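Novice: Got a sequence here, can you model it:
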Amino acid sequence: MPRKTRFFLPDVPNHVVQRGRSRSPVFFEPADYLFYLETLRKALLKYDVLLHSYALMTNHVHLLMTAKNKTGISQVMQYVGRFYVPYVNNKYGFSGSIWEGRFKSNLIESDRYLFCCMRYIEQNPVRANMVSIPEDYLYSSFHANALGLSDLIVSPHTLFTQLSDDKSKRHAFYRLLFDETISQDDLNKIRLGYASGTPIGSNNFKENIASVVGRKVGHLSKGRPVKRED
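Specialist: Predicted coordinates for the structure are as follows:
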């Protein structure tokens, strides 16, 4: 079965999802999350990639990143895997890859879906019934984006900084977004998007991507709906 095509473009946000093999856990204790985050921090610096939002779940990760070139995100994920997989295997006596194949990803039209995708990621622990509110979950970017707490791996997207010149107001505006529930339509778009590699955005956005990469994008395959991927 042919692999789904992944699209990467400079300066366009990309929602990356990577799951544990057979949906098995990839984090077992706090030290594991911290090791992953530190490895990710080094990778982001090495390959000049910006991370806007993240959530490390028990058996998968969500990352929203923007790279300066089309290879940056793949390089980041390869770097993290090169160090995190041996770390887990050596620590817990496993062997082989801990990940379920390649990571999934899709491009996001920032003007229309950046904040929606950020909320989707940071609300993941709430939808999974792990916590009742996003700020109660330790391993996500909500504390940086909504509360203004220091997080060395988070880099605000330009649209985020444009919310206000005042940092406290910026974070307050962002918190207000969480007062509204993400619509089922947007949830479906996000889930189908990264599951299939389909860019999320307007027709014009998809046409521009198609023009750059030289092939059609934005057409989901027909058939049964994609299983809930949270």
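
Novice: ranges for the strands of this structure?
Specialist: Remark: strands of the chain, listed N- to C-terminal, are 14-19, 49-56, 60-67, 104-107; assignment by DSSP state E.

Novice: In CSV, list these along with mean neighbour count, distance to Phe35 and mean pLDDT.
Specialist: Just so you know, the C-beta spots here come from the backbone N, C-alpha and C atoms, and that holds for glycine as well. As requested, the strands of the chain are arranged in CSV below (neighbours: other CB atoms under 10 Å; distance: least, CB to CB, whole Å; pLDDT from 0 to 100):
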stretch, mean neighbour count, distance to Phe35, mean pLDDT
strand 14-19, 22, 16, 98
strand 49-56, 24, 11, 98
strand 60-67, 24, 13, 98
strand 104-107, 24, 23, 95
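
Novice: Including distance to Phe94, could the ones you listed go into CSV?
Specialist: CSV is the format used below for the strands of the chain (distance: least, CB to CB, whole Å):
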stretch, distance to Phe94
strand 14-19, 16
strand 49-56, 18
strand 60-67, 17
strand 104-107, 22
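
Novice: do you know which of those strands lies nearest Leu149?
Specialist: When those are ranked by proximity to Leu149, the top entry is strand 49-56, at 14.0 Å, counting by CB to CB.

Novice: Please work out the angle formed by the directions of that closest one and strand 60-67.
Specialist: Here strand 49-56 runs at an angle of 170 degrees relative to strand 60-67 (axes from the mean of the first three to the mean of the last three CA atoms, to 10 degrees).

Novice: Give me the nearest residue to the most centrally placed residue in the chain, chain neighbours excluded.
Specialist: For the chain, Leu63 is the residue whose C-alpha lies nearest the centre (CA atoms, centre = their mean; 2.2 Å). Once flanking residues are discounted, Leu63 sits nearest to Val16: 4.4 Å by CB to CB, 6 or more residues apart in numbering.

Novice: How far away from the center of its chain is stretch 110-120?
Specialist: 11 Å (CA atoms, centre = their mean, to the nearest Å).

Novice: correction: stretch 95-108
Specialist: Relative to the centre of its chain, stretch 95-108 is centred 12 Å away, using CA atoms, centre = their mean.

Novice: And Asp132, how close does it get to Tyr174?
Specialist: Wrong residue type there; residue 132 is Ser, not Asp. In this view, Ser132 and Tyr174 are 19 Å apart by CB to CB, to the nearest Å.

Novice: More neighbours: these two, which one.
Specialist: Neighbours were counted for Ser132 and for Tyr174 using other CB atoms under 10 Å; Tyr174 has more, 22 against 10.
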